[in-house]
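[1] Structure of the sequence below:
(chains A and B)
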Amino acid sequence: MMMCRDIAESASDYLEHKLPFRRRVSVRLHLLMCKHCRTFVEQLKVSIDSLHSLDTNEPEPISEDTRERLLALFRDHRDDLETP
Amino acid sequence: MNEIKPKHSDDAELVSRLLEGDEDAFSQLVTKYHSSLIRLAMVFVSDRSVAEEVVQDTWLGVLRGLPGFQGRGSLKSWIYRILTNQARRRGTREGRTVNFTSLRPDDDSIEPERFAKNGMWTLPPKAWDVNTPEKLMADRESLGVIEGALKTLPPNQRAVVVMRDVLGTPSAEVCDILEVSEANQRVLLHRGRSRVRRALEKYLEAG
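    Residues are numbered from 1 along each chain as shown, chains lettered A, B, ... in the order given. Below you'll find the model as predicted:
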């Protein structure tokens, strides 16, 4: 019998479909009946999805200085790149 | 796995352009990965300027190693590996080592006092008003809360959460690059994510 503490521990694996079939069914059943755990799992999912959007929403632009420096690096090493 | 997956053929094109000395190709590569590399470096080193040095060294390593890149894995994975090695080395020099093999057994994902002996919630989570990623991301403060939570994660949890959730690196690659077992990776990921949830909970309940 899965208790809330177990559900909370398994939540990441559950969200990623990493649980073995029977476990997954147990978790699902518990979630159907337990509002608290449902809330927890939803909140975990929102947290994960927000982490996903962190850099996509505000990707840091490269400064022109940095880009120039890296291109200069590239030019310096262009000879190393030609495969013999 | 020896077969080349379809997406790796994009890599193959980029790599051959790079090897021909195509500057635009390198500019594209930099645009694509530079900020992710900074974020990843920040997992292992103490400050931004050090991270920038590490990333610069990484690009140098990429250019030097490119003729030897055989396309067995993805280009991205290869670059991330170079970065991780550089960043960890630099971090170690600064006295910051990141341990993936022995996990603290007492580091619970959720504070134990939130559950009773029988395993049921004593302090259950309350529903959030801001309950979608869109709503959350629209609020600059919650962005700050998430970034802050990431910064306070133990480095091994931060490494996994950043690589898996922020940078979207598949789990097998993360295990490979960080040299962590799948089992440990999952534990670290869950602990890190739970802490992020907890930080958001604190912020959202404070109203």
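[2] Which helix runs longest in chain A?
    helix A:35-57 (DSSP state H).
[3] For whichever helix or strand comes after that helix, name the packing helices and strands.
    Downstream of helix A:35-57, the next assigned helix or strand under DSSP states H and E is helix A:64-76. Helices and strands touching helix A:64-76, by 3 or more CB pairs under 8 Å, 6 or more residues apart in numbering or on different chains; DSSP states H and E, are helix B:23-44, helix B:48-65. Glycine gets a C-beta too; all of them are placed from N, C-alpha and C.
[4] what residues does helix A:64-76 touch?
    B:23, B:26, B:27, B:30, B:34, B:52, B:56, B:59, B:60, B:63 (CB atoms under 8 Å, 6 or more residues apart in numbering or on different chains).
[5] Quick one: residues contacting the third one.
    By CB under 8 Å, 6+ apart, the residues touching residue B:27 are A:67, A:71.
[6] And for the last one?
    Contacts were defined as CB under 8 Å, 6+ apart; by that measure residue B:63 touches A:73, A:74, A:77, A:80, A:81.
[7] so how far is residue A:80 from it?
    Using CB to CB, to the nearest Å, residue B:63 is found at 7 Å from residue A:80.
[8] Just the closest residue of chain B to chain A, please.
    Here the residue of chain B nearest chain A is residue B:119; by CB to the nearest CB that distance is 2.8 Å.
[9] quick revisit: scan the contacts of residue B:63 and report the most crowded one.
    residue A:74 (23 neighbours; other CB atoms under 10 Å in any protein chain shown).
[10] how about the helices in chain B?
    B:6-19, B:23-44, B:48-65, B:75-93, B:133-138, B:140-152, B:155-161, B:171-178, B:182-205.
[11] Turn those into JSON lines, including mean pLDDT.
    Output for the helices of chain B, formatted as JSON lines (pLDDT from 0 to 100):
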{"stretch": "helix B:6-19", "mean pLDDT": "80"}
{"stretch": "helix B:23-44", "mean pLDDT": "93"}
{"stretch": "helix B:48-65", "mean pLDDT": "94"}
{"stretch": "helix B:75-93", "mean pLDDT": "93"}
{"stretch": "helix B:133-138", "mean pLDDT": "86"}
{"stretch": "helix B:140-152", "mean pLDDT": "92"}
{"stretch": "helix B:155-161", "mean pLDDT": "94"}
{"stretch": "helix B:171-178", "mean pLDDT": "93"}
{"stretch": "helix B:182-205", "mean pLDDT": "95"}
